[in-house]
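> The sequence isn't on hand, but the structure is:
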């Protein structure tokens with residue numbers, strides 16, 4: 001995270017230079033665990049329940065905005081959000097988070113409603129990932145394709161905080177790092193819907209939990225039911241930062 005980030009954020013928000021996007025569909029601040037649940041701050045009911053059972057939970061530690069959760073890969077931590085049609089995107093969307101990955105040589109799921117290729121196509125759904133020091137958005141299509149877009153190598157360095165975001169506007173998949181567009185690819189859709197029985201998973205994989213368990217700190221995860229602009233992503237990334 002560049003050192004001038006908080007100052008720039010404070011100036012933009014104070015002057016109203018950046019437009020205010022519509023509120024998020026779901027927002028997990030990661031500020032607290034309440035009886036094994038991370039509440040959805042929007043009040044829309046997308047609370048996230050901690051797993052697996054019987055494992056020491058993530059620590060609540062200092063984050064970028066308030067607190068964050070420290071996920072330990074070997075403990076296979078995950079947060080599970082009950083199945084919901086409005087998270088199973090067929091229309092434009094945005095997903096974002098502050099992340100501080102623990103290492104480079106790994107793939108970690110940030111928000112996942114998609115599995116790897118297994119069995120016959122299609123391989124439906126979507127996921128935002130940390131992939132070897134990159135941010136990556138991948139979706140599945142009804143005809144068995146898996147369009148994806150990634151930020152450049154080393155754009156999300158380990159052991160540093162970065163804000164990562166991804167959007168689909170009906171024409172392009174895009175990824176942003178620290179509110180700057182770092183990659184795009186054409187994709188007009190549609191996204192193949194995931195099974196309505198499956199939950200959204202934060203910080204881990206939809207399938208086996210030893211595959212892509214997040215290792216590091218995760219803070220302020222938000223999902224929007226629209227494709228935010230670069231300026232709007234900056235606003236949301238900066239919201240709550242102090243100067």
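Cool, got the structure. Everything numeric here is computed off the predicted structure, so don't read it as measured data. Numbering: from 1, shown residues only.

> give me the element residue 43 is part of.
Using DSSP states H and E, residue 43 is not contained in any helix or strand.

> Count the residues that sit near it.
8 (other C-beta atoms under 10 Å). Bear in mind the C-beta positions are built from the backbone N, C-alpha and C, glycine included.

> what's the answer for the one 5 residues further on, then?
Other residues near residue 48 come to 25 when the count uses other C-beta under 10 Å.

> go on, the one 5 residues further on?
Neighbours of residue 53 under the rule other C-beta under 10 Å: 6.

> Quick check: it vs residue 77, distance?
12 Å (C-beta to C-beta, to the nearest Å).

> Overlap in contacts, those two.
With contacts defined as C-beta atoms under 8 Å, 6 or more residues apart in numbering, no residue is shared by residue 53 and residue 77.

> Tell me the bridge partners for the closest residue to residue 199 other than its chain neighbours.
Closest residue in space to residue 199, ignoring its immediate chain neighbours: residue 80 at 4.6 Å, by C-beta to C-beta, 6 or more residues apart in numbering. With DSSP bridges as the criterion, residue 80 is bridged to residue 49, residue 201.

> Residue 80: what's it in contact with?
Residues in contact with residue 80 (C-beta under 8 Å, 6+ apart) are 48, 49, 51, 199, 200, 201, 202.

> which residues touch the last one?
Taking C-beta under 8 Å, 6+ apart, we find residue 202 in contact with 28, 38, 48, 78, 79, 80, 81, 110, 111, 112, 218, 221.

> quick one: secondary structure of residue 94?
What DSSP: H, G, I helix; E, B strand; the rest coil gives for residue 94 is strand.

> Quick check: it vs residue 227, distance?
6 Å.

> what is in contact with these two at once?
residue 167.

> After the worst-scoring helix or strand of the chain on mean pLDDT, which helix or strand is next?
Ranked by mean pLDDT, DSSP states H and E, the weakest helix or strand in the chain is helix 5-15, scoring a mean of 44. Once the chain leaves helix 5-15, the next helix or strand it forms, by DSSP H and E, is strand 26-28.
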